[in-house]
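Enquirer: got a predicted structure here, sequence first:
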Amino acid sequence: MAKVITVTSGKGGVGKTTSTANLGTALAMLGYKVVVMDADIGLRNLDVVMGLENRIVYDLVDVIEGNCRLRQALIKDKHQSELYLLPAAQTKDKDAVSQEEIIELVDQLRDEADYVLIDSPAGIESGFKNAIAGADEVIIVTTPEVSAVRDADRIIGLCEAYDKGQPRLIVNRLRPKMVKSGEMMSVDDVLQILAIDLIGIIPEDEDVITATNKGEVLTLDKSSRTGRYYTDIARRLAGEEVPIEPIEDNPTLFERISGIFRGGR
Amino acid sequence: MNFFRRSKGSAGVARDRLLTVLVSDRVKLTPAMIDNLKRELSEVIKRYLPNIDSNMIDIAVTQTEDNTDQLETRIPLGRGRKA
């Protein structure tokens, strides 16, 4: 029986899809069977981020409408044999599915994997509600900016209202240098304001853009520091005790050396 | 280069602004409503404690240690023993 985790944020553009793709990949690399599901109907993107856009035949709405069986719609990842994508429909809108239908679909997915990660649409409307309806746990992605943190606060309130328990937080796109000079809120600032548990910190990293350009997921690159941070979050999701260390601006000497041994840079 | 601004840091400004805006978001109490509450409250208090300086009354939504929101009111009574 899979654990179902929804990745959401409230505000758009903070890194939900990137985080879903990287966490899905990281969990698969740890040996788990994973399905990543794109719940952003009408604005799907998880397929392009993972480089699987050319392999889509059926989508989530096709499964719900009975046009195909669930397994026919699951797209196998290019790199990880135990990672599958269930794409969203692109030509329909969010009202094409009901909350009950999504819950039923998610329950079907539970038999197919160890982890089901759901990439939620931005906003607090029906698309978001559908995305968290079947979740056992919610992960909120935010950046250390006023707009993203404000929206995250709203989402936390809604998660409580929908009895989803307390979500855990990823602080994304942190710039340690700016934090040091007092020009960016620190992780502690954000945690103090939102009052929820942290599951990981991801630094701002240009490599995310180049990886996305190519449809590769950064975590596949074992020399990537950001990839290792995602792997640490995946371990925490799987229940491992992995301490969260503060992010330094430049890789330490040790990290650079271990990077060389991992065959990167 | 404006050194004063730099040393102050926009992160602190962001934090303060967020704390204020989240109060209105969470408790649905706007700054204007807090002002009204403060005025009405000081009118009532003045009926019982006429010597109070209403400018000194402070009302704010704050967070307790276990992260619940609370309405905190501070009404300084001065040095007392005047009556």
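Expert: Cool, got the structure. Numbers count the residues shown, from 1 in each chain, chains lettered A, B, ... in the order given.

Enquirer: so what's the closest residue to chain B within the stretch 1-150 of chain A scoring on pLDDT?
Expert: Closest contact between the stretch 1-150 of chain A and chain B, by CB to the nearest CB, is at residue A:146 (5.1 Å). All C-beta spots, glycine's among them, are computed from the backbone N, C-alpha and C. The predicted local distance difference test score for residue A:146 is 97.

Enquirer: for it, phi and psi?
Expert: The main-chain torsion angles of residue A:146 are listed as degrees, to the nearest 10 and equal phi -60, psi -40.

Enquirer: tell me how many other residues crowd it.
Expert: By the measure other CB atoms under 10 Å in any protein chain shown, the count of residues near residue A:146 is 17.

Enquirer: how about the nearest residue to residue A:107, chain neighbours excluded?
Expert: Leaving out its chain neighbours, the residue that sits closest to residue A:107 by CB to CB, 6 or more residues apart in numbering or on different chains is residue A:134, at 6.9 Å.

Enquirer: for the one you found, grab phi and psi.
Expert: According to degrees, to the nearest 10, the main-chain angles of residue A:134 amount to phi -100, psi 10.

Enquirer: what residues are up against it?
Expert: The contact partners of residue A:134, by CB atoms under 8 Å, 6 or more residues apart in numbering or on different chains, come to A:4, A:6, A:102, A:103, A:105, A:106, A:107, A:118.

Enquirer: and with 10 Å instead?
Expert: Contact partners of residue A:134, counting by CB atoms under 10 Å, 6 or more residues apart in numbering or on different chains, are A:4, A:6, A:37, A:39, A:99, A:102-107, A:109-110, A:116, A:118.

Enquirer: from these, which would you call buried?
Expert: In terms of neighbour count (16 or more other CB atoms under 10 Å in any protein chain shown), the buried residues within the contacts of residue A:134 are A:4, A:6, A:37, A:39, A:102, A:105, A:106, A:109, A:110, A:116, A:118.

Enquirer: what about the third one, which helix or strand?
Expert: Element membership for residue A:37, per DSSP states H and E: strand A:34-38.

Enquirer: burial count for the residue of chain B found nearest chain A?
Expert: Taking CB to the nearest CB, chain A has its nearest neighbour within chain B at residue B:9, 2.6 Å off. When neighbours are counted by other CB under 10 Å, residue B:9 registers 17.

Enquirer: is it in contact with residue A:184, as I believe?
Expert: Yes. Using CB atoms under 10 Å, residue B:9 is in contact with residue A:184, at 9.0 Å.

Enquirer: overlap of the contact sets of those two?
Expert: With contacts defined as CB under 10 Å, 6+ apart, the residues shared by residue B:9 and residue A:184 are residue A:178.

Enquirer: how about the residues of chain A near chain B?
Expert: Proximity of chain A to chain B (CB under 10 Å from any CB of the partner chain) is limited to residues A:144-147, A:149-151, A:153-154, A:156-157, A:178-179, A:181-186, A:189-190, A:192-196.

Enquirer: I'd like the mean pLDDT over stretch A:249-262, please.
Expert: The average pLDDT for stretch A:249-262 rounds to 65.

Enquirer: same check on stretch A:189-198?
Expert: Averaged across stretch A:189-198, pLDDT comes to 95.

Enquirer: starting at the chain centroid, how far to that stretch?
Expert: In terms of CA atoms, centre = their mean, to the nearest Å, the gap separating the centre of stretch A:189-198 from the centre of its chain is 19 Å.

Enquirer: tell me where the chain has strands.
Expert: Let's take chain A. Secondary structure of chain A (DSSP state E): strands located at A:3-8, A:34-38, A:75-76, A:83-86, A:115-119, A:137-142, A:168-174, A:197-203.

Enquirer: nope, chain B please
Expert: With DSSP E as the criterion, chain B has strands spanning B:58-63, B:69-74.

Enquirer: my guess is residue A:168 contacts residue A:23, does it?
Expert: No. Here residue A:168 lies out of contact with residue A:23, judged by CB under 10 Å, at a distance of 11.9 Å.

Enquirer: what residues are shared contacts of these two?
Expert: Common neighbours of residue A:168 and residue A:23 (criterion: CB under 10 Å, 6+ apart): A:5, A:139, A:199, A:200, A:233, A:237.

Enquirer: for those residues, name the two members farthest from one another.
Expert: By the measure CB to CB, A:5 and A:200 form the most distant pair in these, at 13.1 Å.

Enquirer: ok, the two, which is more surrounded?
Expert: With other CB under 10 Å as the criterion, residue A:5 and residue A:200 differ in neighbour count, and residue A:200 comes out ahead with 26 against 21.

Enquirer: centroid residue for chain B?
Expert: In chain B, the C-alpha closest to the average C-alpha coordinate belongs to residue B:60, at a distance of 3.2 Å (CA atoms, centre = their mean).

Enquirer: ok, it - contacts?
Expert: By CB under 10 Å, 6+ apart, the contact set of residue B:60 is B:19, B:20, B:23, B:34, B:38, B:70, B:71, B:72, B:73, B:74.

Enquirer: what about the last one, neighbour count?
Expert: As a burial measure, the neighbour count of residue B:74 was computed by other CB under 10 Å and equals 9.

Enquirer: what of the third one?
Expert: Around residue B:23 sit 20 other residues, with neighbours defined as other CB under 10 Å.
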